[in-house]
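> Kindly generate the corresponding structure for this input.
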Amino acid sequence: SMNGKFLPIFVTRNWVQDAFLGGSPDTVLEEHRQAQGKAEGGADLSVRPGDSPAYRGVNRDGIVTGPVILRDWSKTPPKEVWRQPVGGGYAGFSVANGFLVTIEQRRDREVVSCYQASTGKEVWTTGWDTRFEEALGGPGPRATPTVDGGDVFAVGATGRLVCLDGKDGHEKWAVETLKDNANVTWAQSGSPLVVDNLAIVNPGAQTDAAKGRAVRAYDRATGNLVWAAGNHPTGYCSPQLATLGGKRQVLIFDAAGLAGYDLAAGAELWRFSYPTYMGINVAQPIVLDDSSVVLAAGYDVGGARIKVTESGGKWTAAQVWRTKNSVMRWKFASGVYKKHANGDYAYGLNDGILECVDLKAGKQVWKDDRRAKAGEAFGHGQILLYDDLIVALTEYGELVLVDATPDAFRELGRFQALNKGPKTWNTPAIAHGRIYVRNEEQMACFDFAGK
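Next up, the predicted model:
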């Protein structure tokens, strides 16, 4: 397959054998699952404070809070708790009440899987026959499942939306969201948004038959369609809840741009055109306040800040600034935002190079030139904000700790968390002083709580 720069990845044929003394990744996984067996007693996926039950955390903004964590990894590196094989794909973990949920490709089946967070031991799996595969992106599902009210909501690469009972994984309902529709080039990638008894997804309108049904809200209990709206093809971003102009709405960053939809009725309230190469809008919007939203895209599109307002029932979205000189080219990853004493700043991976951007004017403050010039940039990995720290999982399987400050780039630690062979595009999850990481062949847990 290809990395984030569309360059071929060359790995030794038997790196998995070196890691696990087995055969192909599928064989290694099957032998491990058989040897380990399943945990007994089922799961309780009630969400606790400090859990990470959805893609990029509780609010889908990549901001995580919790206990004090280790800051000097050179002296005290995070401790590995467990490591084991996993099926393919680019979904991350959701963490709830001591359990992990993800979705993976196991041969010709997509499988939603639940594991004990403390041991990595499998609790249950539920799957269906399908296999999405594409030469550049690779095989497997992309979207991190969402945990809500003890249930699991997951979207497969070919558009199957399921609601599973969190205790044993049995299917409560399922919908084929791409019926009378077509998929996008690199598959369905948006995680379900579950709010107010609705499960909201953006399968897109890739065909005329799907016009008016690009964004859909299903009853979380029954799977019945509550509302549908929108006429544009989907991007690769997840529906996101926001309050703008005092009104709760669903932000959809699709192939044509960013729009806000009425949460209750589904009407499109406003739209800001932001097309990019092949509709590849991936980065989650950053909501700064009741009227300000920042968006970014790769392929030399860059970033923009918009102001969303309402007057007399009419909504408008106007550009405040647009970046210049190749700033905020966030291609395959979302950025994070932090309010500092001297202003608001965002941190993101600009074509694989970590940068800090002043959000008042869209100016780049610093970028990680030293790492980039040494060939040690982050690649198209993923980042989270933990208090005043950036926690990054690079495309090459490294975990990196960086000081989240506009003063200068300061790296506090780095180590190889996952094997370097496959590309790591999966978003990490942090909960209760532990970080859970995976790629298309391996998963691991590290304890980095401060002592």
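> CA atoms for contacts and neighbours, from now on please.
Noted.
> give me the beta-bridge partners of residue 129?
Beta bridges link residue 129 to residue 109, judged by DSSP bridges.
> what separates it from residue 156, distance-wise?
Residue 129 is 11 Å from residue 156, where distance means C-alpha to C-alpha, to the nearest Å.
> These two: who's more crowded?
More crowded of residue 129 and residue 156, by other C-alpha atoms under 10 Å: residue 156, with 33 against 11.
> Could you list which residues are in contact with that one?
By C-alpha atoms under 8 Å, 6 or more residues apart in numbering, the contact list for residue 156 reads 103, 110, 141, 142, 143, 188.
> contacting residues for residue 169?
124, 125, 126.
> what's the answer for residue 144, then?
Applying C-alpha under 8 Å, 6+ apart, the residues near residue 144 are 54, 55, 91, 92, 93, 94, 102, 103, 154, 155, 190, 191.
> Common neighbours of residue 129 and residue 156, please.
Shared contacts of residue 129 and residue 156, counting by C-alpha under 8 Å, 6+ apart, come down to residue 110.
> Go through the contacts of residue 169 and flag which are in strands.
124, 125, 126 (DSSP state E).
> For residue 243, which residues are in contact?
When contacts are taken as C-alpha under 8 Å, 6+ apart, residue 243 is in contact with 249, 290.
> ok but it is inside a strand, no?
Yes - membership of residue 243 in a strand is supported by DSSP: H, G, I helix; E, B strand; the rest coil.
> From residue 323, how far off is it?
25 Å.
> does residue 172 count as helix, strand or coil?
Residue 172 - assigned by three-state DSSP - is strand.
> which ones are touching it?
Residue 172 neighbours (C-alpha under 8 Å, 6+ apart): 162, 163, 164, 165, 222.
> what about the helices in this protein?
15-20, 25-36, 369-373 (DSSP state H).
> got the contact list for the spatially most distant residue from the centre of the chain?
Distance to the chain centre peaks in the chain at residue 312, reaching 36.2 Å (criterion: C-alpha atoms, centre = their mean). Listed by C-alpha under 8 Å, 6+ apart, residue 312 has no contact partners.
> Tell me how many other residues surround residue 416.
With other C-alpha under 10 Å as criterion, residue 416 counts 13.
> That one contacts residue 393, doesn't it?
No - judged on C-alpha atoms under 8 Å, residue 416 makes no contact with residue 393 at a distance of 9.5 Å.
> Can you check which residues contact both of the two?
residue 399.
> where does the protein dip in pLDDT?
1-22, 374-375 (pLDDT under 70).
> Can you give me the buried ones in stretch 383-391?
For stretch 383-391, the neighbour count (16 or more other C-alpha atoms under 10 Å) marks 383, 384, 385, 386, 387, 389, 390, 391 as buried.
> Report the two of these separated the most.
383 and 387 (12.9 Å; C-alpha to C-alpha).
> quick one on the thing from earlier: can you tell me how far the residue farthest from the centre of the chain is from residue 57?
35 Å.
> Next: residue 145.
For residue 145, the distance to residue 57 - C-alpha to C-alpha - is 12 Å.
> And the two? Which one has more around it.
When residue 145 and residue 57 are compared for neighbours, residue 145 comes out ahead with 29 against 24, by other C-alpha under 10 Å.
> count of residues packed around residue 42?
17.
> which residues does residue 369 contact?
residue 353.
> ignore the last one, residue 151
Residue 151 touches 45, 163, 164, 165, 166, counting by C-alpha under 8 Å, 6+ apart.
> May I ask you to confirm that the third one is in contact with residue 150?
No - when contacts are counted by C-alpha under 8 Å, residue 164 is not listed as touching residue 150 (9.0 Å).
> So for those two, which sits in the more crowded spot?
residue 164 (21 against 16).
> beta partners of that one?
Bridge pairing for residue 164 - DSSP bridges - gives residue 152, residue 171.
> Who are the contact partners of it?
151, 152, 153, 170, 171, 172, 173.
> how far away is it from residue 201?
Applying C-alpha to C-alpha to residue 164 and residue 201 gives a distance of 16 Å.
> cool, residue 128 as well?
19 Å.
> And residue 308, by the same measure?
When residue 308 is compared with residue 201 (using C-alpha to C-alpha), they lie 23 Å apart.
> what's the answer for residue 180, then?
From residue 180 to residue 201 the distance is 16 Å (C-alpha to C-alpha).
> again, but for residue 355
31 Å.
> Tell me which of those two has more neighbours.
Using other C-alpha under 10 Å as the criterion, residue 355 and residue 201 rank with residue 201 on top: 28 against 23.
> Tell me what that one is bridged to.
With DSSP bridges as the rule, residue 201 is bridged to residue 216.
> switch to numbering from 55
Sounds good: first residue 55 from here, last item residue 255.
> got a list of what it touches?
244, 245, 246, 247, 269, 270, 271, 292, 293 are the contacts of residue 255 under C-alpha under 8 Å, 6+ apart.
> The fourth one and residue 254 touch, don't they?
Read that as residue 247. Yes - counting by C-alpha under 8 Å, residue 254 is a contact partner of residue 247 at 5.0 Å.
> tell me, what's touching these two both at once?
With C-alpha under 8 Å, 6+ apart as the test, residue 247 and residue 254 both reach residue 293.
> Look at residue 191 and say how many residues are nearby.
Around residue 191 there are 18 residues (other C-alpha under 10 Å).
> Please state the backbone phi and psi of it?
phi -80, psi -30 (degrees, to the nearest 10).
> Confirm for me that it is in contact with residue 240.
Yes - using C-alpha under 8 Å, residue 191 is in contact with residue 240, at 6.5 Å.
> Leaving aside the residues adjacent along the chain, what's closest to residue 281?
residue 271 (5.4 Å; C-alpha to C-alpha, 6 or more residues apart in numbering).
> I'd like to know how many residues surround the one you found.
Quick note: residue 271 (other C-alpha under 10 Å) scores 27 neighbours.
> and what of residue 434?
Neighbours of residue 434 using other C-alpha under 10 Å come to 26.
> thinking again about what came up before, in a markdown table, list the contacts of residue 210 along with distance to residue 397 and neighbour count.
As requested, these are arranged in a markdown table below (distance: C-alpha to C-alpha, whole Å; neighbours: other C-alpha atoms under 10 Å):
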| residue | distance to residue 397 | neighbour count |
| --- | --- | --- |
| 157 | 38 | 31 |
| 164 | 44 | 28 |
| 195 | 38 | 32 |
| 196 | 35 | 28 |
| 197 | 33 | 29 |
| 242 | 36 | 29 |
